[in-house]
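S.K.: after the sequence you'll find the predicted model.
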Amino acid sequence: QVQLVESGGGLVQAGGSLRLSCAASGRTFSSSVMAWFRQAPGKEREFVAGINWSGGRRHYTESVKGRFTISRDNAKNTVFLQMNSLKPEDTAIYYCALDLGGTVKTMERAYDYWGQGTQVTVSS
């Protein structure tokens, strides 16, 4: 069984930065794809960024390219999301997800385990 625990959310002004972390339990982390999704009030959950097991392949949704960076530390079973130049439209609950498969996918149903989410609020 895998457990994912997010941290690092909070309230920040537009233009500011936050770094989210997701710590994973279990022995599958280093061979798994990791991703961040988000869900804004009244909207469906959407893919934000994903990274393959080695960190050599990363994929971002268009709206965060150039502002967000996903990375991972397999020795610490942790994936990160560095968020810069934050905008009010980035306000959402951010979820960490793990896919036991080998390639980064953007569909929710591809992911096998989910964290409980962390709130990010960007004020204008």
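M.R.: Right, received. Where do you want to start?
S.K.: tally of neighbours for the closest residue to Leu100 other than its chain neighbours?
M.R.: Take Leu100 and drop its neighbours on the chain: the residue closest to it by CB to CB, 6 or more residues apart in numbering is Asp112, 5.2 Å away. Backbone N, C-alpha and C define where each C-beta goes, glycine included. A count of nearby residues for Asp112, using other CB atoms under 10 Å, gives 14.
S.K.: do Val104 as well
M.R.: Burial of Val104, expressed as a neighbour count using other CB under 10 Å, amounts to 21.
S.K.: for the closest residue to it other than its chain neighbours, give its distance to Thr61.
M.R.: For Val104, ignoring the flanking residues on the chain, the nearest one in space by CB to CB, 6+ apart is Gly50 at 3.8 Å. Taking CB to CB, to the nearest Å as the measure, Gly50 falls 9 Å from Thr61.
S.K.: bridged to the most centrally placed residue in the chain, which residues?
M.R.: Nearest to the centroid of the C-alpha atoms of the chain, with distances taken as CA atoms, centre = their mean, sits Trp36, at 2.2 Å. Taking DSSP bridges as the rule, Trp36 bridges to Ala49, Cys96.
S.K.: is it true that it touches Leu81?
M.R.: Yes: when contacts are counted by CB atoms under 8 Å, Trp36 is listed as touching Leu81 (4.8 Å).
S.K.: mind listing the shared neighbours of the two?
M.R.: Among the neighbours of Trp36, those also in contact with Leu81 (CB atoms under 8 Å, 6 or more residues apart in numbering) are Leu20, Cys22, Val48, Ala49, Ile70, Tyr94.
S.K.: which one of those is nearest Leu4?
M.R.: Out of the shared contacts of Trp36 and Leu81, the one with the shortest distance to Leu4 is Cys22. That distance is 5.5 Å, counting by CB to CB.
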